[in-house]
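Enquirer: Sequence and computational prediction follow.
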Amino acid sequence: MTGVPTAADDVRDGAGPFRASVLTLYPEMFPGPLGVSLAGRALEAGRWALEPVQIRDFATDRHRHVDDTPAGGGPGMVMRADVLAAAIDAAAPEGDRRPRILMTPRGRPLTQARVRALAAGPGAVIVCGRFEGVDDRLVRRRGLEEVSIGDYVLSGGEIAALVLLDAVVRLLPGVMGNDASGETESFETGLLEHPQYTRPPVFEGEPIPPVLLSGDHGRIARWRREEAERVTRERRPDLLPPGR
Ligand code: ADE
C-alpha cells in the first residue's frame, strides 16, 4: 500500500489493506470479474488483496479427496471437516482476526450493514461450499459465519463470494473516490433509490419529469424522497418502517 495512513486504516489496526483469503476448489475463478473496473484497479493499486487457496492442496489421501458420502445416507457428497480445517488453519493461523465466512444458501442473508462492517475490518477468510454442503463440525469448530446472498441455489459458493467481495471492495477507502452517490444509494438510506434520468430530454416521446429540470433543489429533493418511498412501497414493503 502506498501513501499516508488514513482514518480508515486505523480501524484495521494499521494492519494494511483489506485482505481476502478465498478457499475454493476453483481458484481460477478469482479474481474473475473483480479483476476489472473499480475493484480491479483497486486490486492493482494495492487497496485490497486477494489470496485464492486451493482446498484440494490440503487433502491427505492419494486421490486428494475433499468430499465424502453424507453420514446417514442420501444423495450427493459433503465437504470433509479435516481437509477444510487444514486449509483454514493454513490461510488464517492463530491470531488472524479476520472473520471467517462460509458461503451457503443456508446462511443468514447478506445485508448492506454486514458489508459495511466487513469493509471497516481487516479482511475476510471466505470458504466456498460445494456439493451438498460442509461437515457441520467444521462450521462450529472453526467459528464460520454462514452467509447467503439470496434465496436461490448456486452451484457453489464462488459466485456468492465474488458478490460479497464486490459489495465490500467498493466501500474501501479510495476505491469509489469522493463519490457522494454512496450516501443516497439503495439500502444506505433504508429505502430503494429514486429513479434517475439523463439526456436526451425526450426519449421515444417520453420527457424527463419536469421537476428535475426546474432547478428548484428543494422540490427536487422532495420529489426524490417521495419516489424512493413509492418504489420501496411497491417493490420492498418489508424495508419500510411499520405504518409507512
Ligand atoms: N452457495 C450456493 N448458493 C448460495 C447462495 N444463495 N448464497 C451463498 N452461497 C451459496
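Expert: Looks like it arrived, so ask away.

Enquirer: quick one, what contacts the residue nearest the centre of the chain?
Expert: The residue lying closest to the centre of the chain (CA atoms, centre = their mean) is Leu164, at 1.3 Å. When contacts are counted by CB atoms under 8 Å, 6 or more residues apart in numbering, Leu164 touches 101, 103, 110, 115, 118, 124, 126, 147, 149. Bear in mind the C-beta positions are built from the backbone N, C-alpha and C, glycine included.

Enquirer: what do you get for Leu144?
Expert: Contacts of Leu144 by CB under 8 Å, 6+ apart are 100-102, 127, 138.

Enquirer: Which of the residues you listed sits closest to the ligand?
Expert: Leu102 (8.2 Å; CB to the nearest ligand atom).

Enquirer: Quick check: residues of the protein near the ligand?
Expert: By the rule CB under 6 Å from any ligand atom, the part of the chain lying against the ligand is 103-105, 129, 148-150, 152-154, 156-157, 160.

Enquirer: Out of those residues, which end up buried?
Expert: The neighbour count (16 or more other CB atoms under 10 Å) marks 103-105, 129, 148-149, 154, 156-157, 160 as buried among the residues of the chain next to the ligand.

Enquirer: Inside helices: which ones of the residues you listed?
Expert: Ala160 (DSSP state H).

Enquirer: Of the buried ones among the residues of the chain next to the ligand, which one scores lowest on pLDDT?
Expert: Of all those, the model is least confident about Gly129, whose pLDDT is 93.

Enquirer: Please identify the buried residues of the longest strand anywhere in the chain?
Expert: Ranked by number of residues, the top strand in the chain under DSSP state E is strand 100-109. Neighbour-count burial for strand 100-109, counted by 16+ other CB under 10 Å, picks out 100-105, 107.

Enquirer: Pass me the low-pLDDT residue ranges in the protein, would you?
Expert: 1-15, 178-182 (pLDDT under 70).

Enquirer: The ligand versus the most far-flung residue of it relative to its centre, what's the distance?
Expert: Ranked by distance from the centre of the chain (CA atoms, centre = their mean), the top residue is Gly205, with 39.4 Å. From Gly205 over to the ligand the distance is 41 Å, taken as CB to the nearest ligand atom, to the nearest Å.
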